[in-house]
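# what follows is a predicted protein model with its sequence.
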Amino acid sequence: AAETAIALAESNKVHLIVRRNKIDRPQKRNRDRLFACERAGKVEIHYNSKPLEITAAELRLDSDKGSRTIKADHVFLALGNDLPLAMFRKFGIYLENDWNPARLLKLVLFSLLVLFFYLWKNNMLAGYLLPQSWGEQSGDGLGLYGWTHQISEYLHLLPTGPSIWAGAVYTAVVTGFGLRCIYKYRKDAMQVRRYCFIIFSQAMLLWLIPEVFFQGVLKLADGWRSYGLVIPAPLYVWNFKSPLGANLFWLFWFMLYSFVGVPLIARFTGKKFCSYFCGCGCLSETLGDPWRKLAPRGKKSRAREKFGQWSILALVCMLVTFGIIRQDSSVWDVQKFFIDFFLASLVGVATYPFWGGRIWCRFFCPLARVLHFTAGNTSDIKISSGTHCIECGLCSKYCQMGIPVMEFAKNSESFDNTNSSCIQCGICITACPVRNLQNGEWDEELWKDTVNNGALTVME
């Protein structure tokens, strides 16, 4: 509608009827041209208006200023359309995220697979879902857990429980799919570096050090607390449980890292912790990469993000507070089974093929809310855009955080943690076919060098 009004205004008096109270959807350069026409008296804009009647020579409209009749030789309709989804479905044509029996069955089966993995990891299968003999802790090694004990005892260095082997599977998945992503994004050095760091973080910092070194090599009874070396509160809270019964180093480092380190991380890196370092993020960026375009989007989703994250953050704080006051309290079970097991593990992973890989991170993760709040108030990290957007929508399509990136890009606006939940993964930069997005301040000369000397197609 804006472009039509601009074109007609060259030799006509134009009345533009706008149903909203502002014009922000056209590109900035088109908005500027439209407002210039308005200042010149060539275009009159009627906000908060809707047409009531169209006759051969007039148009009657209704607005917050009352009813008005305008003389009109021609009326151009640019009202937009809703997708004919009902007709598509009638013809048997379904969109990728439409629900049908096959997709529902896929959800159930994938959820059962994820459930089985996390129940096995937490030593919860034997005697519950399966006969006791299937989950023997020792003996012939044919049970679900017996073989883990036998191999661990044979190697002498490893813990005997299934946790280390579940970590090995998790690390193998992150590594395998991470290598796939490195190949997929091989033309973009930034993404290659990021995925190399993701693989390193998971393998070294989130598996070898806490599981193999502290619990296997050093054989510390409270070696599980070493996860607090790399995962801060409120995502990992278990170092607050009976802290005086263990070496005080764990508690001291954990509190220093959580209450001093996290604000500094947010200040200098924004929310890159989520896309480079976090164990949940490592899996979602690798295994979840093929489904990133299924992420929920829109204003309602963004409102649910805030509500969900603040709610879980408040719940975690309440549980930890009661748990510290009464160490034998059942609130630790709520943290373990509802927050860690159900939301972070089962819901967070099982929904990958249906709503993308960031459901836990976006709607529930308490640490994401802390990082977002801190980065939004202290960090200068941002992604900027130039004036070259072609409105293809690929930047928004591939954003797992559901950010309407194109709305910023087409208007040459930057976005950060004051106006978005960006985790600075850079996929939008990679996806843009004209390289209209950059980290930091926009550099036109850098853009010229990029489009003149580099390949523009990275996404495959």
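Structure received. Residues are numbered from 1 along each chain as shown.
# OK, contacts around Gln215?
For Gln215, the contact set (Cβ atoms under 8 Å, 6 or more residues apart in numbering) comprises 159, 164, 223-224, 226. C-betas here are computed from N, CA, C, even on glycine.
# so how far is Ser11 from it?
Per Cβ to Cβ, to the nearest Å, Gln215 is found 79 Å from Ser11.
# how about Ala409?
Distance from Ala409 to Ser11, counting by Cβ to Cβ: 33 Å.
# give me the buried positions along the top helix by length along the chain.
Secondary structure assigned by DSSP state H gives helix 299-325 as the longest helix of the chain. Buried residues in helix 299-325, defined by neighbour count with 16 or more other Cβ atoms under 10 Å: 302, 305, 308-309, 312-313, 315-316, 319-320, 323.
# picking that back up, if you count surrounding residues, which of Ala409 and Ser11 has more?
Per other Cβ atoms under 10 Å, whichever of Ala409 and Ser11 has more neighbours is Ala409, with 30 against 7.
# surely Ile17 and Ile54 touch.
No: contact criterion Cβ atoms under 8 Å: Ile17 and Ile54 do not qualify, at 11.0 Å.
# more neighbours: which of the two?
Ile17 (21 against 13).
# Arg60: neighbour count?
Other residues lying near Arg60 total 14 when counted by other Cβ under 10 Å.
# where does the stretch 351-460 of the chain have low pLDDT?
454-460 (pLDDT under 70).
# all strands for it, in order.
For the stretch 351-460 of the chain, the strands defined by DSSP state E, counting those that start in this stretch occupy 383-385, 437-439.
# comparing those, which comes out most buried?
Neighbour counts (mean count of other Cβ atoms under 10 Å) averaged over each of the strands of the stretch 351-460 of the chain peak at strand 383-385, with a mean of 23.
# other SSEs contacting that strand?
If contacts are counted by 3 or more Cβ pairs under 8 Å, 6 or more residues apart in numbering; DSSP states H and E, strand 383-385 sits against strand 437-439.
# which elements pack onto the strand it packs on?
Judged by 3+ Cβ pairs under 8 Å, 6+ apart, the packing partners of strand 437-439 are strand 383-385, helix 427-431.
# and the ones you listed as CSV, adding distance to Pro263?
CSV is the format used below for the helices and strands packed on strand 437-439 (distance: least, Cβ to Cβ, whole Å):
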stretch, distance to Pro263
strand 383-385, 22
helix 427-431, 26
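# between these, which one is closest to Ser284.
With respect to Ser284, and counting by Cβ to Cβ, the nearest of the helices and strands packed on strand 437-439 is helix 427-431 at 11.9 Å.
# tell me the spacing between Ile209 and Gly223.
Ile209 sits 10 Å away from Gly223, going by Cβ to Cβ.
# likewise Leu446?
On the measure of Cβ to Cβ, Leu446 and Gly223 end up 47 Å apart.
# more neighbours: which of the two?
Between Leu446 and Gly223, Gly223 has the larger neighbour count (other Cβ under 10 Å), namely 20 against 13.
# the more buried one touches Pro210, doesn't it?
Yes: applying Cβ under 8 Å, one finds Gly223 in contact with Pro210, separated by 7.1 Å.
# ok, which stretches of the stretch 351-460 of the chain are helices?
With DSSP state H, counting those that start in this stretch, the ranges of helices along the stretch 351-460 of the chain come out as 352-355, 359-363, 366-378, 394-397, 405-409, 427-431, 444-453.
# ok, now the stretch 151-300 of the chain?
Along the stretch 151-300 of the chain, the segments classed as helices by DSSP H, counting those that start in this stretch run 163-184, 189-200, 248-256, 262-269, 272, 279-286, 299-325.
# just checking, what packs against the fourth one?
Counting contacts by 3+ Cβ pairs under 8 Å, 6+ apart, helix 262-269 packs against helix 366-378.
# buried ones in the helix it packs on?
For helix 366-378, the neighbour count (16+ other Cβ under 10 Å) marks 366-376 as buried.
# any chance of the residues you listed in TSV, plus distance to Ile231?
What follows is the buried residues of helix 366-378, written out as TSV (distance: Cβ to Cβ, whole Å):
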residue	distance to Ile231
Pro366	12
Leu367	8
Ala368	13
Arg369	16
Val370	13
Leu371	13
His372	17
Phe373	19
Thr374	17
Ala375	18
Gly376	22
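# any idea how far Pro232 is from Ala246?
To Pro232, Ala246 is 18 Å away according to Cβ to Cβ.
# more neighbours: which of these two?
Between Ala246 and Pro232, Pro232 has the larger neighbour count (other Cβ under 10 Å), namely 25 against 16.
# next, count neighbours for Lys113.
Wrong residue type there; residue 113 is Leu, not Lys. Leu113: 11 surrounding residues under other Cβ under 10 Å.
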